[in-house]
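J.: What would the 3D arrangement of this be:
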Amino acid sequence: QVPLVESGGGLVQAGGSLRLSCAASGRSLSGYAMAWFRQAPGKARECVAAISSNGRTTNYADSVKGRFTISRDNTKTTVYLQMNSLKPEDTANYYCAADFWGPGAADPNAYDHWGQGTQVTVSS
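T.: Here you go, the predicted model:
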């Protein structure tokens, strides 16, 4: 099991920015496709961004394209989600997920390892 821990959530005004981090307690995430999902109350879990295991491919939900960026650090122990121009509809609990040697899929069923989530609230 890969113990994923998210951080960086919080309350921000519309138009503001947040950077979420996902780490595996110092363990390398090399070889894992990583993704950020979000889930708002009463809504399905949605993949907002994913990066393939080799880091060459990224995918974004249409609703966040141009505003969110997924990246890995050089040591490959942390994955980030930079969120700019936040909107009230971005309010949700954000989760990171890992899939060993995965392509960076949008389907949550492709991911074997999940964090506990971090809440992002965007006020209007």
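J.: any idea how far Leu86 is from Tyr32?
T.: 27 Å (C-beta to C-beta, to the nearest Å). (Glycine included, C-beta is placed from N, CA and C.)
J.: Pick out whichever of these two has more residues nearby.
T.: Taking neighbours as other C-beta atoms under 10 Å, Tyr32 and Leu86 compare with Tyr32 leading, 27 against 22.
J.: so the more buried one makes contact with Gly102?
T.: Yes. Counting by C-beta atoms under 8 Å, Tyr32 touches Gly102, with 7.2 Å between them.
J.: Spit out the residues that contact those two alike.
T.: Ser53 (C-beta atoms under 8 Å, 6 or more residues apart in numbering).
J.: quick one: the strands in the protein?
T.: Here the chain has its strands, by DSSP state E, at 5-7, 10-13, 18-23, 32-39, 46-51, 58-60, 68-72, 78-83, 92-100, 113-114, 118-123.
J.: strand partners of the fifth one, parallel vs antiparallel please.
T.: In the sheet containing strand 46-51, its partner strands are strand 32-39 (antiparallel), strand 58-60 (antiparallel), by DSSP bridges.
J.: most packed of these?
T.: Highest mean neighbour count of those: strand 32-39, a mean of 25 (counted as mean count of other C-beta atoms under 10 Å).
J.: mind checking how far that strand is from the chain centre?
T.: 4 Å (C-alpha atoms, centre = their mean, to the nearest Å).
J.: tilt between that strand and strand 118-123?
T.: 50 degrees (axes from the mean of the first three to the mean of the last three C-alpha atoms, to 10 degrees).
J.: which residues does the most centrally placed residue in the chain contact?
T.: Centrality entry for the chain: nearest residue to the mean C-alpha point is Trp36, 2.2 Å, by C-alpha atoms, centre = their mean. With contacts defined as C-beta under 8 Å, 6+ apart, Trp36 is in contact with 20, 22, 47-50, 68, 70, 79, 81, 94-97.
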